[in-house]
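Student: I'd like to go over a predicted model; first the sequence, then the structure.
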Amino acid sequence: MTHSPADQQYREKQAGALQIGDYLFLPGDGPAEQITQIELEHDDFGVPALILVTTLDGGNVRIAIGSSVPVGEATAIPDVADTPLAEVPAPLGEEPALEPDTSDAPDGGTSDGGGAPAEAVPVVVPPLPPVAPTVSRPAGPDPAQLALIPEPTDSPENIVGAAGEAHPGRNGVAVLSERLVKGINTKSGSCLRDLSDLAHDLFIELRDPDRALAVADILNVLPYDGNRDRWMSVERSLALSSFICRELGQTERAAVYDQLLQAPDTVETDPFKARIAAKVRQRGLNEPNLYDKEIFRSIDNGNRDAEREWRLLRLETLLFLRSHGGSNTLGVGELDHRIANELEAVRA
């Protein structure tokens, strides 16, 4: 068997789009090798950085996630001059060519005066293309489920103003409500953050779940627009709303908030990228930052204010995990227990 680059048909493909079953040309002039295993290596920030590819013959190659690589098939042409005719593969669907039996034939029995018989041309049958695995995605809420979120009975500014009037003299709520009643712009990241903070203060500090939900629903109906900074405020609001509804026994409404919170998980349509994102997301759920070191340091220093701020961040993380239905390391029961403990600690 001989191979040369001229015998090999290839095309460029993004390394991030490689799949098991693809034929990859390794560095050098060798033929394409079939990929049997793909692994990902992340950088220190958890972002996929390298693809580790294993081929059928046991070869390994490391590829940067954004590189373009040659893929295809090596159309290896056998040296038919050195191969017995009986061993040359026949075209698909035909019987193998056999050497003619000339034991009883007279000399010079060929019509062309003794020319050699034509040699069969080998046909390389390419393998079937691999089928991309289906990435399961949670279905979004249907209209009947969305109807469980009540329509606002007033303008967003009036809802915020009513919440502030219901709790006069409370500095945090008063400052936020006074700032928001001047005008709510849902395209402003700082405005969305103020709304989310107000909903948290109403529930956590003032124990007013009804007004907290009314304020949170100003955010909860906003669709994911691809801006992660703005979405973080909506995400906090959805996680809080889901927890409040479960506390009030409104489990169906809580499930709607959970599905809305997971909306960004369904936007990626490329199967490979969706699998990458799912792995990164699952690792974040399995290894959340619960600020243990910061909380213990604040306790050791006797800094109650700092401890409370860190516990509030921990509570937000726990609410987010609970809205996802837990993870491989923290189940629903454990999360409910921890959330109750954190609420008691920050409300003390």
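Tutor: Sure, I can see it. Numbering: from 1, shown residues only.
Student: Run through this structure and note the low-pLDDT ranges.
Tutor: For the chain, applying pLDDT under 70 flags the ranges 1-10, 28-29, 44-46, 73-140.
Student: remind me, longest strand of it?
Tutor: The longest strand of the chain (DSSP state E) is strand 32-42.
Student: Could you identify the helix or strand that succeeds it?
Tutor: As assigned by DSSP states H and E, the chain's next helix or strand after strand 32-42 is strand 48-55.
Student: Surely residue 317 and residue 287 touch.
Tutor: No: counting by Cβ atoms under 8 Å, residue 317 does not reach residue 287; the two are 11.3 Å apart. For glycine as for every other residue, the C-beta is placed from the backbone atoms N, C-alpha and C.
Student: neighbour-wise, which of these two wins?
Tutor: Taking neighbours as other Cβ atoms under 10 Å, residue 317 and residue 287 compare with residue 317 leading, 17 against 12.
Student: do you know how far the more buried one is from residue 49?
Tutor: 25 Å (Cβ to Cβ, to the nearest Å).
Student: One more: residue 259?
Tutor: Taken as Cβ to Cβ, the span from residue 259 to residue 49 is 32 Å.
Student: Same question for residue 232.
Tutor: Applying Cβ to Cβ to residue 232 and residue 49 gives a distance of 24 Å.
Student: ditto for residue 237
Tutor: As judged by Cβ to Cβ, residue 237 and residue 49 stand 33 Å apart.
Student: Check residue 246 too.
Tutor: Taking Cβ to Cβ, one finds residue 246 at 39 Å from residue 49.
Student: Looking at these two, which is more packed in?
Tutor: Neighbour totals were compared for residue 246 and residue 49, and residue 246 leads with 18 against 14 (other Cβ under 10 Å).
Student: Surely the more buried one touches residue 253?
Tutor: No: judged on Cβ under 8 Å, residue 246 makes no contact with residue 253 at a distance of 9.1 Å.
Student: care to break this structure down by domain?
Tutor: 5-74, 143-347 (automatic domain parsing).
Student: Buried deepest among those, which one?
Tutor: Burial of the domains of the chain is given as mean neighbour count (mean count of other Cβ atoms under 10 Å); domain 143-347 ranks first at a mean of 17.
Student: for that one, how far is the first residue from the last?
Tutor: Using Cα to Cα, to the nearest Å, the end-to-end distance of domain 143-347 comes to 37 Å.
Student: Quick one: distance of that domain to the chain centre.
Tutor: The chain centroid and the centroid of domain 143-347 are separated by 21 Å, computed with Cα atoms, centre = their mean, to the nearest Å.
Student: How about stretch 11-23?
Tutor: Relative to the centre of its chain, stretch 11-23 is centred 19 Å away, using Cα atoms, centre = their mean.
Student: And the contacts of it?
Tutor: Under the criterion Cβ atoms under 8 Å, 6 or more residues apart in numbering, residues 24, 32-38, 48, 51, 53, 63-74, 127, 129-130, 132, 270, 272-273, 276 lie in contact with stretch 11-23.
Student: again with stretch 147-158
Tutor: 159, 162, 180-184, 214, 217-218, 220-221, 250, 252-253, 256.
Student: from these, which ones fall inside helices?
Tutor: Using DSSP state H, the members of the contacts of stretch 147-158 that fall in helices are 159, 162, 180, 214, 217-218, 220, 252-253, 256.
Student: these two touch, right, residue 62 and residue 51?
Tutor: Yes: under the criterion of Cβ under 8 Å, residue 62 makes contact with residue 51 at 7.4 Å.
Student: show me where the stretch 151-300 of the chain has helices.
Tutor: Here the stretch 151-300 of the chain has its helices, by DSSP state H, counting those that start in this stretch, at 156-166, 171-180, 189-200, 209-220, 228-247, 251-261, 271-286, 292-301.
Student: With distance to residue 324 added, can I get these in TSV?
Tutor: TSV is the format used below for the helices of the stretch 151-300 of the chain (distance: least, Cβ to Cβ, whole Å):
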stretch	distance to residue 324
helix 156-166	28
helix 171-180	27
helix 189-200	18
helix 209-220	16
helix 228-247	9
helix 251-261	7
helix 271-286	6
helix 292-301	20
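Student: Nearest to residue 327, out of the ones you listed?
Tutor: helix 271-286 (3.7 Å; Cβ to Cβ).
Student: which helices and strands sit right next to the closest one?
Tutor: With contacts taken as 3 or more Cβ pairs under 8 Å, 6 or more residues apart in numbering; DSSP states H and E, helix 271-286 sits against strand 32-42.
Student: how distant is the strand it packs on from the center of its chain?
Tutor: Relative to its parent chain, strand 32-42 has a centroid offset of 19 Å by Cα atoms, centre = their mean.
Student: of all the helices of the stretch 151-300 of the chain, which lies closest to residue 339?
Tutor: Residue 339 lies closest to helix 228-247 among those, at 7.0 Å (Cβ to Cβ).
Student: Tell me which other helices or strands the closest one touches.
Tutor: Packing partners of helix 228-247 (3+ Cβ pairs under 8 Å, 6+ apart): helix 189-200, helix 209-220, helix 251-261, helix 304-323.
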